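*Asks:* This is the structure alone, sequence omitted:
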């Protein structure tokens, strides 16, 4: 089960889809400093209270450090900085599958689950289209503002994963 800030919500397996349309998917919606982000539920492992962080030298500025999660050293990424927002005041960590690895996103809060179809998302804004990291997968207008869909697989650049591997810290 995933715990949302406002109660328990059932976990959905990678193969489950939303029943409404064939192009619909389920997302975990989280709050950042001034916007919302959505994470494909199939990539989410769990949500938890923030844990103590150990700085990791040489990491990009959006990497807050390493946290010991389930006995593993896991990089923690500031979802606000990653999504082009202000840094978050971490109220929750969301652990994700990032390829064959695990990473955690620091978010301000977990709002809950939302089913969205491809029609929910606007064309990718031209200013973001040049983002070669590929972390921002899509953008949607939502009351009261912007919803950014993040791609968990691309949270950290490959050279950062290599640094973690070399230091013996990557899960």
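*Replies:* Great, that's in hand. Remember, it's a predicted structure, so these values are computed and weren't measured experimentally.
*Asks:* Which parts of this structure are helices?
*Replies:* 79-82, 126-129, 158-166 (DSSP state H).
*Asks:* How many residues are close by residue 162?
*Replies:* 12 (other CB atoms under 10 Å). In this view, the C-beta of every residue, glycine as well, is placed from N, C-alpha and C.
*Asks:* give the contact list for it.
*Replies:* Residue 162 sits next to no residue when contact means CB atoms under 8 Å, 6 or more residues apart in numbering.
*Asks:* Residue 65 now?
*Replies:* Here residue 65 is in contact with 53-56, 59, 75-76 (criterion: CB under 8 Å, 6+ apart).
*Asks:* what would the helices of the chain look like in TSV with mean pLDDT?
*Replies:* Compiled in TSV, the helices of the chain are given as follows (pLDDT from 0 to 100):
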stretch	mean pLDDT
helix 79-82	87
helix 126-129	47
helix 158-166	79
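*Asks:* Need those in a markdown table (columns: distance to residue 110).
*Replies:* A markdown table is the format used below for the helices of the chain (distance: least, CB to CB, whole Å):
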| stretch | distance to residue 110 |
| --- | --- |
| helix 79-82 | 11 |
| helix 126-129 | 24 |
| helix 158-166 | 25 |
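*Asks:* For residue 95, which of these is the nearest?
*Replies:* Of all these, helix 79-82 sits nearest to residue 95, with 12.4 Å by CB to CB.
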